[in-house]
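Participant: Coordinates for the following, if possible.
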Amino acid sequence: GYIVSEKALNSAKLREFLEKDLPDYMIPAYFVQLDKLPLTSNDKVDRKALPEPEKSALSGVEYEAPRNFVEENIVLIWEEVLGTKPIGISDNFFEIGGNSLKLMSALTSINKNLNTNLSIQNFFENPNIKQLAILILSNNTQPQSNLYDYVEEEV
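Facilitator: Got it, this is the predicted structure:
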């Protein structure tokens, strides 16, 4: 979404404000702040003149690299599902372009690649890679096998 404002706005706070009144699907994945909206000669918004959102700058989160096998795998899955990179481990899935369809795709890939049993609720409660990795490594979502055994096999 494009916003015209005199003060600098934080996308996380803006999203929080909008969540009070709007359903998730109506909240834009990205926010771009402009001094003014570009207009056509008919005084309508010139959509072609609107700048492309810079995905990395919009989440308001500093890039943080993956620190272990689990985080590296989730980063690769998110980059593929969301079609953007680099994705840091503190980026919020929904603030960098994720929606319910992309969530299902990411969830399926994570569960398959890491032999886990994450649920949609796990994903909503832990919307960044750092939190998901902690959940996975704590074995709260494990089926029968132990992830540490899997890590040993992979090395």
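Participant: can you pull out the strands in the protein?
Facilitator: Here the chain has its strands, by DSSP state E, at 2-4, 32-34.
Participant: Report the contact partners of Pro51.
Facilitator: Shown in contact with Pro51 (C-beta atoms under 8 Å, 6 or more residues apart in numbering): 32, 34. All C-beta spots, glycine's among them, are computed from the backbone N, C-alpha and C.
Participant: Let's see that with 7 Å instead.
Facilitator: Applying C-beta atoms under 7 Å, 6 or more residues apart in numbering, we find Pro51 in contact with Val32.
Participant: Give the phi and psi angles for it, as a check.
Facilitator: In terms of degrees, to the nearest 10, the main-chain angles of Pro51 are phi -70, psi 150.
Participant: start at 4 instead
Facilitator: All right, first residue 4 from here; so that's Pro54.
Participant: on that earlier part again, lowest-confidence stretch among the strands of the chain?
Facilitator: In terms of average pLDDT, strand 5-7 trails the rest of the strands of the chain, at a mean of 73.
Participant: center of this protein, which residue is that?
Facilitator: Phe96 (1.7 Å; C-alpha atoms, centre = their mean).
Participant: quick one on the thing from earlier: right, and the strands of the chain - which one's nearest Asn116?
Facilitator: strand 35-37 (33.3 Å; C-beta to C-beta).
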